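I'd like to go over a predicted model; first the sequence, then the structure.
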Number of protein chains: 2
Amino acid sequence: MLSQLRVKPGHAAGLEARDPADRLGVDRERDFGDDLAELRTLQDRLWAERRRSLLVVLQGTDAAGKDSTIRHVFTGINPHGCRVEDFAQPSTTELAHDYLWRVHARCPARGQIGIWNRSHYEDVIAVRVRSLVPAKVWRRRFRHICEFERMLAEEGTTIVKILLHISRKEQGARLRARLADPAKQWKFRPEDIEDRQRFGQIEAAYEEALTKTSTTWAPWYVVPADRRWVRNAAVTRLLLQALRDIDPQFPDVTIDLDTFTVD
Amino acid sequence: MLSQLRVKPGHAAGLEARDPADRLGVDRERDFGDDLAELRTLQDRLWAERRRSLLVVLQGTDAAGKDSTIRHVFTGINPHGCRVEDFAQPSTTELAHDYLWRVHARCPARGQIGIWNRSHYEDVIAVRVRSLVPAKVWRRRFRHICEFERMLAEEGTTIVKILLHISRKEQGARLRARLADPAKQWKFRPEDIEDRQRFGQIEAAYEEALTKTSTTWAPWYVVPADRRWVRNAAVTRLLLQALRDIDPQFPDVTIDLDTFTVD
């Protein structure tokens, strides 16, 4: 399942040909208890080992389900050693620096899992479709980003980049639900409508960004997100696979324990 | 149950009279599913409201169960809006500032729950028993701390300070287990033995610190921690009570939703 989600480095992302409502052969009734238990064990060891880290980048349009994914997939793992970072509109201090400054400052420390709710990719997506900087500025960022991520990877961070891919139709249904449900209305922002009018432009910007920044050291995965349970299953599997590949170990004991006694 | 754990402001903490093995009338077989569900709902609202925050300070000697408490009580809540901060040995940059600088920088933002694994209280406990600063320096810190916490409380942070209170006997059993169990040996540090030799001194330092810093705006609770299930139940109840008192609400909708339609 995971290989079909991957944007092959050097190839086009091909978003249009990917079905946001794909079921990926996932059994809706399957119990993910075992996966969660394995996730917890691996996370414990990652934290104990304190040598490597995992960075999960979550991108997607409004209502693609970023918050919901974090709630469903990451609730149930130990918050010790796991941090969610939101990259909303940059602050004035953040804008006074280059665009990678604020993300670099919030990279996961050794032993941690970092979950980024939006990221530096907004600087080649939102910034581009809203024309906040000239094309020549955002265009050269693809290279910065690939090289920045190469450095992180070579210094011990496993990077998993996920686009939650929803259809324009499903986005409409979710935004209408947001407007209608009193428990969700607070989430509604007028920008949601503006961004919806740019849906095609945003999709085109993602197509180029994913194509240019899916690398062997920091690959992109396109997760079909029209169905929440497929999305949650896919993200859980991606996380699990990444932690299995890291294969963290409890640290070696470097002191002679026999010399110590507890009275 | 919670009122008996509270160190009444203006009164002695009375640690010696408190039994670390107390069962507090907790039913070991009770299912905490409902409490956890309520916790999640309240946390969702706190995060949505983005006006107030909750700070949980966890203190205790080695092997008192700080890590284990975080794992048991906080796994199962949404890591979005919840962060664990570890205050281990200060870095050289941190030491170049006053002792409150590093904790202030890591206070929870509005909407967040901050869980502090150790805290500024080490600057009147560890620092005191290891004689890292003269008595006249640590003595005046009680006032700084009370006033710092008053400011945080008045600016919207609910503060719950918890001492995980274990007996010297139980600590010994846990340290022996740490030495004997290959999955726990990596946690052992020679300082654990040194600190154990100072158990009485540390307890005396806590007695004074709790007595001098339990305030109406930031009270201390002494949680009996010899039995893990009593400890977990008590910490869960403290957290739940704090969130109930905050009573966070979904934000009011300040825009006229009727003017928006989703195509």
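Looks like it arrived, so ask away.

what's the burial count for A:Tyr221?
24 (other CB atoms under 10 Å in any protein chain shown). Using the backbone N, CA and C atoms, a C-beta is placed for each residue, glycine as well.

next SSE after the helix or strand hosting it?
Per DSSP states H and E: A:Tyr221 is located in strand A:220-224. Next helix or strand after strand A:220-224 toward the C-terminus (DSSP H and E): helix A:228-246.

that next one near chain B anywhere?
No. Counting by CB under 8 Å from any CB of the partner chain, chain B has no neighbours in helix A:228-246; the shortest distance is 12.7 Å.

for chain A, name the helix or strand with the lowest mean pLDDT.
Among the helices and strands of chain A, helix A:190-197 carries the lowest confidence by mean pLDDT, DSSP states H and E, at a mean of 89.

helices of chain A, start to end?
A:2-5, A:33-49, A:66-69, A:92-95, A:101-105, A:126-129, A:135-139, A:141-154, A:168-180, A:190-197, A:199-213, A:228-246 (DSSP state H).

switch those helices over to CSV; also include mean neighbour count.
Below are the helices of chain A laid out as CSV (neighbours: other CB atoms under 10 Å in any protein chain shown):
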stretch, mean neighbour count
helix A:2-5, 14
helix A:33-49, 17
helix A:66-69, 20
helix A:92-95, 10
helix A:101-105, 16
helix A:126-129, 19
helix A:135-139, 13
helix A:141-154, 16
helix A:168-180, 16
helix A:190-197, 15
helix A:199-213, 18
helix A:228-246, 19
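
just the CA atoms of the least confident helix or strand of chain A, as PDB, please.
What follows is helix A:190-197, C-alpha atoms only, in PDB (Å, rounded to 0.1, in the frame of the first residue of the first chain):
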ATOM      1  CA  PRO A 190     -13.600  33.800   5.500                       C
ATOM      2  CA  GLU A 191     -10.200  32.800   4.000                       C
ATOM      3  CA  ASP A 192     -11.600  29.300   3.600                       C
ATOM      4  CA  ILE A 193     -13.900  30.500   0.900                       C
ATOM      5  CA  GLU A 194     -11.100  32.500  -0.800                       C
ATOM      6  CA  ASP A 195      -8.900  29.500  -0.800                       C
ATOM      7  CA  ARG A 196     -11.600  27.300  -2.200                       C
ATOM      8  CA  GLN A 197     -11.900  29.600  -5.200                       C
END
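
wait, A:Glu94 sits on A:Trp101?
Yes. With contact defined as CB atoms under 8 Å, A:Glu94 reaches A:Trp101; the gap is 6.9 Å.

up against chain B, what does the stretch 1-150 of chain A have?
Counting by CB under 8 Å from any CB, the stretch 1-150 of chain A sits next to chain B at A:40, A:48, A:67, A:70-71, A:74-84, A:86, A:115, A:117.

ok, the stretch 151-263 of chain A next?
So far as CB under 8 Å from any CB goes, the stretch 151-263 of chain A lies against chain B at A:172, A:175-176, A:179, A:182-183, A:185-188, A:190, A:193, A:196, A:250-253, A:255, A:257, A:260, A:262-263.

same thing but at 7 Å, please
Contact residues, the stretch 151-263 of chain A versus chain B (CB under 7 Å from any CB of the partner chain): A:172, A:175-176, A:179, A:183, A:185-186, A:188, A:190, A:193, A:196, A:250-251, A:253, A:255, A:257, A:260, A:262-263.

re the thing from before, show me what the strand holding A:Tyr221 is packed against.
helix A:2-5, strand A:157-165, helix A:228-246 (3 or more CB pairs under 7 Å, 6 or more residues apart in numbering or on different chains; DSSP states H and E).

next, the angle from it to helix A:199-213.
Strand A:220-224 runs at 140 degrees relative to helix A:199-213, counting by axes from the mean of the first three to the mean of the last three CA atoms, to 10 degrees.

contacts for strand A:220-224 next, please.
The set of residues external to strand A:220-224 that reach it, using CB atoms under 7 Å, 6 or more residues apart in numbering or on different chains, is A:5-7, A:13, A:15, A:18-22, A:24, A:160-165, A:210, A:213-214, A:230-231, A:234-235, A:238.

ok, now with 8 Å
Strand A:220-224 is touched from outside by A:2, A:5-7, A:13, A:15, A:18-22, A:24, A:160-165, A:210, A:213-214, A:230-231, A:234-235, A:238, with contacts defined as CB atoms under 8 Å, 6 or more residues apart in numbering or on different chains.

same thing with stretch A:55-64?
Applying CB under 8 Å, 6+ apart, the set of residues contacting stretch A:55-64 is A:66, A:69-70, A:107-108, A:113-119, A:121, A:125, A:152, A:157-166, A:171, A:174-175, A:178, A:191-192, A:195-196, A:199, A:202, A:206, A:225, A:238-239, A:242.

on that earlier part again, centre of the chain to the least confident helix or strand of chain A, how far?
22 Å (CA atoms, centre = their mean, to the nearest Å).

how far off helix A:168-180 does that helix point, in degrees?
Using the same axes, to 10 degrees, helix A:190-197 lies at 160 degrees relative to helix A:168-180.

if I look at the closest residue to A:Arg18 other than its chain neighbours, how far off is A:Gly200?
Closest residue in space to A:Arg18, ignoring its immediate chain neighbours: A:Val222 at 5.4 Å, by CB to CB, 6 or more residues apart in numbering or on different chains. Noted for A:Val222: a distance of 17 Å to A:Gly200, by CB to CB, to the nearest Å.

which residues sit in contact with A:Ser68?
Contacts of A:Ser68 by CB under 8 Å, 6+ apart are A:Arg228.

distance check, it against chain B.
For A:Ser68, the distance to chain B equals 10 Å [CB to the nearest CB, to the nearest Å].

and that residue, how far from A:Ile166?
11 Å.

same check, this time on A:Glu94
28 Å.

next one: A:Leu54
Plainly put, A:Leu54 is 25 Å away from A:Ile166 if you go by CB to CB.

likewise A:Ala96?
Counting by CB to CB, the separation of A:Ala96 from A:Ile166 is 34 Å.

who's more crowded, these two?
Remark: of A:Ala96 and A:Ile166, A:Ile166 carries more neighbours, 26 against 9, as counted by other CB under 10 Å.

please save the CA atoms from stretch A:250-263 in PDB.
C-alpha atoms of stretch A:250-263 as PDB (Å, rounded to 0.1, in the frame of the first residue of the first chain):
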ATOM      1  CA  PHE A 250      17.600   1.000  24.100                       C
ATOM      2  CA  PRO A 251      21.000   2.600  24.800                       C
ATOM      3  CA  ASP A 252      23.900   0.400  25.800                       C
ATOM      4  CA  VAL A 253      24.800   0.600  29.500                       C
ATOM      5  CA  THR A 254      28.200   2.200  29.600                       C
ATOM      6  CA  ILE A 255      28.700   2.000  33.400                       C
ATOM      7  CA  ASP A 256      29.500  -1.100  35.400                       C
ATOM      8  CA  LEU A 257      26.200  -1.700  37.200                       C
ATOM      9  CA  ASP A 258      27.800  -4.300  39.500                       C
ATOM     10  CA  THR A 259      29.700  -1.600  41.400                       C
ATOM     11  CA  PHE A 260      26.400  -0.100  42.600                       C
ATOM     12  CA  THR A 261      24.200  -1.300  45.300                       C
ATOM     13  CA  VAL A 262      20.900   0.200  46.600                       C
ATOM     14  CA  ASP A 263      20.600   0.000  50.400                       C
END
